[in-house]
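Peer 1: sharing a model that was predicted from the sequence below.
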Amino acid sequence: MEKTLKKIAARAKIRARVLAAAKRRAQQPEKSGNGKKVITYADLDESQVVVYEGIHKWWRVMQECGGIAPPLTVGGYSGTGKSTLLSIALPSLLNPDNSKVRTLYAAFAGKAAVVLRNKGLVANTIHSTIYNCIADKDSPGRFMFILKDRHDIEADLLVIDEASMVPEDLRNDLESLNIPLLYTGDHGQLPPVSGKGNVMENPRFRLEKIHRQAKDSGIIEIATIIRQGGIEQPDGKIKPFMLKKGTYGVNKDAEVLSSRAANDTGFLASADVVICFTNNMRQTLNHRIREEKGFTGKSPQVGERLICVANNKENQMFNGLMVFVRDVYVEDDLMTLDLVDEAGKVYENIIASKNYFEGLPLDRFQMSDKETCHFEFGYAITGHKSQGSQWPFVIVIEEKMSVLSMDMKKRWKYTTLTRAESKVKLISKFA
């Protein structure tokens, strides 16, 4: 009995030292490369501290008890400081031997992985993180995706960003690896494009208080008004408010326009991407913008932007992947494309059907999905296809969404508006 008590006391001392060391490191003032003070634990607000402590407790209990704890979910609305919190909480995690935890970030979309890498994080797409891409000996130029062994992934912790996008089948593969998982994302966004289940529907920890600095952003201002259904009052109540025509934000980085703005093709073509609701509108806009940019004919040309609309693991093509045409060779009904995605990754000798760009539906293809990849023009895309990506200048066109519930309408508009990094224009049918 005495030995058992001594062991418990020793573990408690070790745990206290590890936690104290982590907090000291998190609180230590640092200078960034440009001389500015780095945000530390001491700068976190009350809700962020709760999440910080929750993450550390989850990790600490797992280390003490052994095994793999259920995945942890951390949600945060745009402007609540979720990224800031994680940049402090995760680097300060420690293993029982006081060594740093090897944290690997992954995202469903290639553009989201690029955003993470630009922040100095070790990040990649989920597919390239957990699958091996192996050449198919029976089909030259084709590939198979095989789930990696846990020991082939050099990480103590996997952080899945933009987790609301991840479909259930992909989550099952992630969780089968027996690596601790932390899912993070915005729980106000749309559910996954394909597959059932939204891991961010009810996150264990939530950040919902918009920070003062973020309130200066017109993008966050109008997105928050839409998500809440109005403007929050000092007493915490929401006063109903409908967005009016005009600019928003200190820097006027958001503007609400009347529906007439959608008639200006030159204006639409100036955006990095136009987001709409229906496929009919998307097709019409792509046709107009292609003409405005000087592209002719129905088939893709060098320099054009495409978006993948169906998963094809054999060719490393995934639904929602944005690519640009580097070269194209047409023979009969087929095209052979050389492509590059937004992360700079090159894909060569990708076969696509020319007929699809000429208006034939997917079920008219004579070739199987394993032999062809399916694309659409990517100047205008639907809201679901925009998930996980961001662009400097985004135009959102509000259409009739009678097929959606009121909650899903809010999620659609909130998700699409927050795809903008620097500037957004909302073309509203109500303005």
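Peer 2: Yep, that arrived. Numbers count the residues shown, from 1 in each chain.
Peer 1: CA atoms for contacts and neighbours, from now on please.
Peer 2: OK.
Peer 1: element containing the residue positioned nearest the centre of the chain?
Peer 2: When the chain is reduced to its mean C-alpha position, the nearest residue by Cα atoms, centre = their mean turns out to be residue 388, at 2.6 Å. Under DSSP states H and E, no helix or strand contains residue 388.
Peer 1: adjust the sequence numbering to begin at 15 for everything that follows.
Peer 2: With 15 as the first residue, the last one maps to residue 402.
Peer 1: and the helices in this structure?
Peer 2: Here the chain has its helices, by DSSP state H, at 16-41, 60-79, 96-103, 124-132, 140-144, 182-190, 232-242, 279-283, 293-306, 368-371, 397-400, 420-431.
Peer 1: one step back: give the contact list for the residue nearest to the centre of the chain.
Peer 2: Contacts for residue 402 were tallied using Cα atoms under 8 Å, 6 or more residues apart in numbering; they are 121, 122, 123, 125, 126, 176, 179, 433.
Peer 1: now the buried members of these.
Peer 2: 121, 122, 123, 125, 126, 176, 179, 433 (16 or more other Cα atoms under 10 Å).
Peer 1: tell me which of those residues is nearest to residue 229?
Peer 2: For the buried ones among the contacts of residue 402, the closest approach to residue 229 (Cα to Cα) belongs to residue 433, at 16.8 Å.
Peer 1: ok, back up a step: which one of the helices of the chain lies nearest to residue 324?
Peer 2: helix 397-400 (11.1 Å).
Peer 1: residues contacting the residue nearest to residue 354 when sequence neighbours are not counted?
Peer 2: Nearest residue to residue 354 in three dimensions, chain neighbours excluded: residue 360, at 4.4 Å (Cα to Cα, 6 or more residues apart in numbering). The contact partners of residue 360, taken as Cα under 8 Å, 6+ apart, are 352, 353, 354.
Peer 1: may I ask which of those has the most neighbours?
Peer 2: residue 353 (24 neighbours; other Cα atoms under 10 Å).
Peer 1: who does that one form a beta bridge with?
Peer 2: Legend: beta-bridge partners of residue 353 under DSSP bridges are residue 339, residue 361.
Peer 1: near residue 250, how many other residues are there?
Peer 2: Residue 250: 8 neighbours (other Cα under 10 Å).
Peer 1: so for it, what's the pLDDT?
Peer 2: pLDDT recorded at residue 250 is 79.
Peer 1: swap in residue 394?
Peer 2: At residue 394, pLDDT is 97.
Peer 1: can you tell me how far it is from residue 413?
Peer 2: 14 Å (Cα to Cα, to the nearest Å).
Peer 1: equivalent analysis for residue 263, please.
Peer 2: 24 Å.
Peer 1: for residue 227, same thing?
Peer 2: Per Cα to Cα, residue 227 is found 31 Å from residue 413.
Peer 1: name the residue in those two with the higher neighbour count.
Peer 2: Neighbour totals were compared for residue 227 and residue 413, and residue 413 leads with 15 against 10 (other Cα under 10 Å).
Peer 1: tell me the phi and psi of that one?
Peer 2: phi -120, psi -180 (degrees, to the nearest 10).
Peer 1: so for it, what's the pLDDT?
Peer 2: According to the model, residue 413 scores 93 on pLDDT.
Peer 1: can you count the residues close to the closest residue to it other than its chain neighbours?
Peer 2: Nearest residue to residue 413, sequence neighbours excluded (Cα to Cα, 6+ apart): residue 291, at 6.2 Å. Per other Cα under 10 Å, the neighbour tally for residue 291 reads 20.
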